[in-house]
Structures are given as C-alpha cells and as structure tokens.
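Q: Sequence and predicted structure, then a few things I'm wondering about:
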Amino acid sequence: MSRHELKRREFLEILMALPLGTAIACSSEAGRPLSDVPVSAQEAMKKLVRVLGPWSDAEAAQAEDFAHRFVAASHVVGSYFQESRAGLESLAARFPDGTMAEGELDVGGLPAEERELAVQLTRDLYSLVEVRFFVSNIPPWGECLGDRTWHTRAPA
Amino acid sequence: MNQDIRADYCIAGAGPAGLMLASKLAASGKQVVIVDQGPRFTEADRSNMLRHSTETLNDFADYNDSVGAAAVTPHSSASPQGQVVDWPAQRLFGIGGTALHFEGIMGRPREDDLRVRSLYGYGRDWPLTYAELEPWLLRAEQEVGTAGADDNPYASPRSGPFPMPAHAFSYFDREIFAPALERLGITGHSCARAVASQPYRGRSPCLACRACKFCPSGARYSPDRVHVPMLEQRTNVTILPNVSIRRLETDASGERIVAAHAVHVEERTPLVVRAQHFVVALGGVETPRLLLLSADSGTHSEGLGNMGGQLGRRFSDHLHPWVTLDVGRPVGGRLGFETMSTDHFRARRDRSERPTFWILASPAMDWFPVGIEAAAWSTHEGLLSMDAVRESIPRMATFTGMMELSGNGVLELDESVLDSFGSPVAKVTMTLTDWDRRSVEDMAVLASRAADAMGATNASEISPADSGLGYHPSGATAMAETADTGVCDPNLTVFGLDNLHLVSSSVFPHMAANPPTLTIIALALRLAAHLEGSEVL
C-alpha cells in the first residue's frame, strides 16, 4: 500500500467517524474563517497532541504526521472518543490555533473532566516509544544504526 | 478424506525445542514430521509487522496479531486474587514458537537450583545433576549463538567458553548501574544473550535497531531463521504449519502411541500421523493439555502418563515486578536489551526462608511506557509542567526482576471453555504463597537502596506482587524417577508409554530464577542424543 493510499484510507475513516451534527455544521459553515468553524473531537485531539507533544514550531510537519497517526490509532484513542468528546473540544479550545509544545498547564484550574483528559493524554503520549525516542534524541525504532557500541556512549 | 502420513518421528510443536530436536534427528536420515498449529512467518511478514507497528504507534504489535483465532488457542486462568493471567499474549503459535519474539536471554540454572528439595525443603529436585546437564547447556549456547562473558561470580562452573564475546556494557551499566550495585556489595556482570555480537554462522551481528521482537538484522536467534531453513533443505523432513494435533492415540495395551490425530486449521480436514516415536514439544501450557486431552479408557484414563496424579500439578512461572526510576541525569541509550544483570540474589543461602531472584536494569525509554510516572512526577500544585515531562524521559531507568516461585499452580481442562475445535482449553490456577511474595518484598527494598545509590530523584512503587506472570509456564509434566512424582522419566519418556517423549519447560521439576529457554534447548539436544542411542546420563 502506498503512502498516498494510506492517507486516503485514513482520511475516509476519519470522515466516517465524524459525528453527524458536526459534519452538518462543517458543511453549513462553508466560507467562514477556519478558526470559527466548530472542530470535531478528532481535530481537537490532533490539536492537543501537537500542543502537548515535544515538537517545536520548526517540527510542525512531524507533529502533524504524529497527531494524524495518534488519532487513527484506535488502541490509543478509543477510550477518549467513547466518553470525552465534549471535554476534548473544550480543552482544545483553550489553546490558540498553532500552539505547539505548551510548557506548563494549569490543570488545577481546569474542570475535572478536562484536567483528567490533559493528564491522561500526557501519560499516553509520553508512553509511546516514538515520542520517547524523539525526546531523547535517539534514532527511530527499527532503524539499524550499524553500530554495536552506540549504547556505550555518554549521552549528549 | 483422511490424510495419512508415516514417519520415524512425529514432533508436535515447532518451537525452539521441537525444531532443535528435529534438526538433530534429521541428520541421522530418519523421516521426521513436525506439526505446528500456527503459520510459517516470512521475512516479508516481519517487515510488515514492524512497519505496521510504527505506523499505528503500536509498540506491542506481535506475531499472532493477524493470525486467525483458530490458530491461537485460548486458555482460562485464575489466581487466588482473581487475576486472570494472559498467557496467550506471551506464547506464540507459529513455526519458531515463542522464540519468534523472545528476548534471547540465555540464563543457566545454578547447581543448587536442581536440588531445592534436598537442600532447602521446597519444590522438587531434578533427577539430573548440574554436571549431567551442563554439557548440554554448553552445546545449546553454541547452537543458538550466545554472546556472553565469564565474568559472573555467582555462576556455577562452565566446561567451555561462550561462543562469542558479550555485548559491551552500556553507558548506564558502566556509569550508573554497576557503581550503585558496588556500593551495595553486589557485582553486576554481563547478561548472556542469543544475540550475535559478531558474525556467527551466517548471522549478522546486532545492528542496534532496538526492534528486537522483529530483529531486522537477524542477529537474535530465531528458530525459523536458523534451523528451519536447514530443515527445509532436507528431503527426509516434513514441516506442517497450520495443522493442529488434537489427540494422541494409545494402542490396545496402553503401552505405546500409535497415531497423532490432527486437523488442518483452515480446511478442518483430518490428518493422521503414524510414527515410531512421538515427541510433544508444545510448551508449558499446551504440552500438559494434549496429554490430558489424550486420555484413553485404560491405563491412561486420567491423561497420558498420569498414573501418579502428577499431570498438571506443580505448575509454575516467574513473577516480573518492576520499579521505574528518574535517575536525575541522562541515562543514555539501550541496545534494545539489557547488557548487565546480577545473579547476586540467585546465590543466596537462605532459600528456605526466601526465594531467589534475578535483577537487571536499563534505560527505560524503549521498553517500559514511562509516561505515567513522567506525568505524575511533573505535576505540582495544580501545574503540569510539560518541560519537566520531556526532561525526565531521558533520565528514566527501570529496575526489573525475575522471581522464583515455589510452583503451587494447577493446570487442568476447563470443560466450560472450548477452543475452536470443540476441545476444553487449559485452565491454570496460580497460588502465590507468603514465601513466594518475599522476593518481591526484597526487591522493593533493594530497588529503594539502589535508587539512593544512583542518586535517583524519583522512584515508583514496585508493581503488584503478582505482576508479570505469563511468560514462563513450566512444571506441569515434570521429569522424575517414578510416576508417583512426575510424568516422564529423566530421559523425557512418558511413564508407561515407551515411544512418547516430552520436551518443553513443562518437564522442569522446578524452575529457578533464570529464563527457561536455554535449558529447554539443552534438554532437546539431550533427548535427540538419547533417541539416537547415545548414552546421555
């Protein structure tokens, strides 16, 4: 399967998963600035993954790719969508568009559901090996380094 | 229409034991049939699994994820705490067996591990001495290609060197773990691995990709990459994937097995294998289950070799508790596996009071999901610091243990749960005694002291006492001198059935705090020699 086909399939899956009300709202809001259009729970999740993730502005494309896969990964995301659509959208709305790598969250000031979501999402995000390797400046999992002694070096 | 196959040897189970045995028996020119319920995975399958794992962010993707449910036999389990142990998540069905994804730790038993009843009053003694087993351990290390070093002061004597040098200690081992152990009077030493540290019999050395489960370089031993290709070249060997043996048939006298009755997993068409010898090498759960499912109406009415009521008794496993640490400074990279461990607590002399355990530690980031601890340790007074989370990840290390158990579990058939062929699944009931739990208490104390010695800034609680069950089922068809105390004799021949043999962790009378695979392979090599008429005792 080509990368193009994969994206198309995932895009269709996301479309199919959109709640009917949101889909109608999106289509009826055509022409308005994007920031004014109500976002879906999936878009809220992608936004939060970018905000909480370890990426900088210069890594926007990488953050977007990761967020895309995170949202598509049902084993990670499934529980959020079952019960937390409103909470996700509300939490995401607290961050301006384009925000990345938020440094500090005042979770104490958030409503209980949003506070739990923020902490849970942080736990899940930083439990994924890809993010851990990114944070640690370690080459991607599965990429052979051809150096049997690389682990002996002092960390930079 | 029935398919009827005849052979000299019929081996049920194409895991490391069955395939190692087959590779030796086949060299004699005898006709060998190997039957396995799972598929033959290809290199393309491995590539796809690794790619899919990355694309879907599923660090726990595994070989049986896409295999049909009929090929992966479920089981049921229970513990006094009501915990259901998920053995199917760890044992694999396929050509290569669980060694398809194993970590390749080649731990040996110690001399006293084989005499725990005589020396310490618990478990069962092996009917073999360490001196009798050791030459086979050495051959097993050579067969699988083990990297190791003779630097373990706690190990029992070796009769020869490792076939290749150990992997270099990591930065973490050298600068953080070993000094902390030293302050506690403990020696850290190399951890023998079936992962090539240099080119070995056509295998690449480890290329540090850290995806050991799929091992793109082929450095880690996997039976389907090493022994299966050799077997596939031979005209006297038939490997049958996707075929499930359902029952072994005894003759009228009840003294021999005459046939293995099997079914093609997909087509559900029957197949019968008739052979001079039958070997069951289905691992620690399915081996005793097949013997129970093969009960006849005569001598073996309670299951094959169960005249003494020992079949399914004394089932055991290992506990694998862990502690996560924030060491307070970057811990460096991990080769994909631990390069240092310590047998210090395996050599303890107070075993009557406390179980032995094996300890290892390493950078955590490619092994344990550490986000839970990172988030908890970065939340203060209502503020969740993402900067603190990101900075803590490269400082995380994990302290893990492998704990000996007394072996009080029971494996039996669960008539209320049937597999896809309509047969009862195995039900395992584990019982942890107070003695069993003491090693976890000891490790909690040790981890705390080691954390202090490392200068760690945070440490998690130790995982629950019964965590980590499910990796190393053993003991339910133990070898013994008599049928009153086991299911098979020291040559692995089932009591009362002189052409039925067993080889798996299920034949261990007792499993100490070392991973079982090396010993399983050693026993397979020894069984091959016995079947070919060599003196092995």
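A: Yep, that arrived. Residues are numbered from 1 along each chain as shown, chains lettered A, B, ... in the order given.
Q: now residue B:317: how far from residue B:168?
A: Going from residue B:317 to residue B:168 by Cβ to Cβ, to the nearest Å gives 32 Å. (C-beta placed from N, C-alpha, C; glycine too.)
Q: Ok, residue B:515 next?
A: 21 Å.
Q: who's more crowded, these two?
A: residue B:515 (22 against 17; other Cβ atoms under 10 Å in any protein chain shown).
Q: Do I have it right that that one meets residue B:107?
A: Yes - Residue B:515 is within contact range of residue B:107, at 4.8 Å (criterion: Cβ atoms under 8 Å).
Q: Show me where chain A has its strands.
A: Remark: strands assigned in chain A by DSSP state E are A:104-106.
Q: Poorly predicted segments of the stretch 51-200 of chain B, please.
A: B:79-89 (pLDDT under 70).
Q: In it, mark out all the helices, start to finish.
A: Per DSSP state H, counting those that start in this stretch, the stretch 51-200 of chain B carries helices over the ranges B:116-120, B:130-144, B:171-172, B:178-183.
Q: among those, which is nearest residue B:216?
A: helix B:130-144 (18.6 Å; Cβ to Cβ).
Q: And the residue in chain A that chain B sits nearest to, how far from residue A:76?
A: For chain A and chain B, the shortest gap (Cβ to the nearest Cβ) falls at residue A:108, measuring 1.9 Å. The gap separating residue A:108 from residue A:76 is 26 Å, by Cβ to Cβ.
Q: who has more neighbours, the two?
A: Using other Cβ under 10 Å as the criterion, residue A:108 and residue A:76 rank with residue A:76 on top: 21 against 12.
Q: can you give me the helices in the chain?
A: Looking at chain A here, since you left the chain open. Taking DSSP state H, the helices of chain A run over residues A:3-17, A:20-28, A:41-52, A:60-72, A:74-83, A:85-92, A:112-125, A:129-135.
Q: actually chain B
A: Counting by DSSP H, chain B has helices at residues B:16-26, B:43-55, B:116-120, B:130-144, B:171-172, B:178-183, B:223-232, B:283-293, B:371-377, B:386-392, B:434-454, B:517-531.
Q: Which of those helices sits closest to residue B:99?
A: Taking Cβ to Cβ, helix B:16-26 is the member of the helices of chain B nearest to residue B:99, at 4.2 Å.
Q: about what we covered before: just name the most buried of the helices of the stretch 51-200 of chain B.
A: helix B:171-172 (a mean of 24; mean count of other Cβ atoms under 10 Å in any protein chain shown).
Q: what sits against residue 137?
A: By default, I'm working from chain A. With contact taken as Cβ atoms under 8 Å, 6 or more residues apart in numbering or on different chains, residue A:137 is in contact with A:156, B:394.
Q: Chain B was what I was after
A: Contacts of residue B:137 (Cβ under 8 Å, 6+ apart): B:108, B:518-519, B:522.
Q: And for residue B:229?
A: Taking Cβ under 8 Å, 6+ apart, we find residue B:229 in contact with no residue.
Q: how near is it to chain A?
A: According to Cβ to the nearest Cβ, to the nearest Å, residue B:229 stands 21 Å off from chain A.
Q: go on, residue B:326?
A: Where chain A is concerned, residue B:326 sits at a distance of 13 Å (Cβ to the nearest Cβ).
Q: Is there a neighbour count for the nearest residue to that residue once chain neighbours are set aside? I'd like the number.
A: Nearest non-adjacent residue to residue B:326, counting by Cβ to Cβ, 6 or more residues apart in numbering or on different chains: residue B:458, 3.9 Å away. Residues within reach of residue B:458, counting by other Cβ under 10 Å, total 18.
Q: Name the nearest residue to residue B:329, sequence neighbours excluded.
A: Nearest to residue B:329 is residue B:395, by Cβ to Cβ, 6+ apart, at 6.1 Å.
Q: An error on my part: the question was meant for residue B:54.
A: In this structure, residue B:54 finds its nearest non-sequential neighbour in residue A:142, 6.2 Å apart by Cβ to Cβ, 6+ apart.
Q: With residue B:500 instead?
A: Spatially, and ignoring its direct neighbours in sequence, residue B:500 is nearest to residue B:494 (4.3 Å; Cβ to Cβ, 6+ apart).
Q: what's the answer for residue B:292, then?
A: Going by Cβ to Cβ, 6+ apart, residue B:292 has residue B:303 as its nearest residue, at 4.3 Å.
Q: Would you confirm that that neighbour contacts residue B:289?
A: No - checked against Cβ under 8 Å, the pair residue B:303 and residue B:289 is beyond contact range at 9.4 Å.
Q: Tell me which of the two has more neighbours.
A: Between residue B:303 and residue B:289, counted using other Cβ under 10 Å, the more crowded position is residue B:289 (30 against 24).
Q: Mind pulling up the pLDDT for the more buried one?
A: Residue B:289 carries a pLDDT score of 97 in this model.
Q: so how far is residue B:422 from it?
A: Using Cβ to Cβ, one gets 14 Å for the distance from residue B:289 to residue B:422.
Q: likewise residue B:148?
A: The gap separating residue B:148 from residue B:422 is 46 Å, by Cβ to Cβ.
Q: Who has more neighbours out of these two?
A: Taking other Cβ under 10 Å, residue B:148 and residue B:422 do not tie; residue B:148 has more neighbours (25 against 7).
Q: Specify the beta-bridge partners of the more buried one.
A: With DSSP bridges as the criterion, residue B:148 is bridged to residue B:165.
Q: Would you agree it is in contact with residue B:167?
A: No - here residue B:148 does not reach residue B:167: they are 9.1 Å apart, not a contact under Cβ under 8 Å.
Q: Now do the shared contacts for the two.
A: Here residue B:148 and residue B:167 have B:190, B:193 as joint contacts, going by Cβ under 8 Å, 6+ apart.
Q: related to what we said a few turns ago, what number of residues lie near the residue nearest to residue B:500?
A: 27.
Q: My guess is it contacts residue B:304. True?
A: Yes - using Cβ under 8 Å, residue B:494 is in contact with residue B:304, at 5.9 Å.
Q: shared neighbours of these two, anything?
A: Going by Cβ under 8 Å, 6+ apart, residues that sit against residue B:494 and also against residue B:304 are B:291, B:500.
Q: Can you check the distance spanned by stretch B:501-514, start to finish?
A: 24 Å (Cα to Cα, to the nearest Å).
Q: cool, stretch B:178-195 as well?
A: 22 Å.
Q: Stretch B:27-40 now?
A: Span of stretch B:27-40 from end to end, Cα to Cα: 22 Å.
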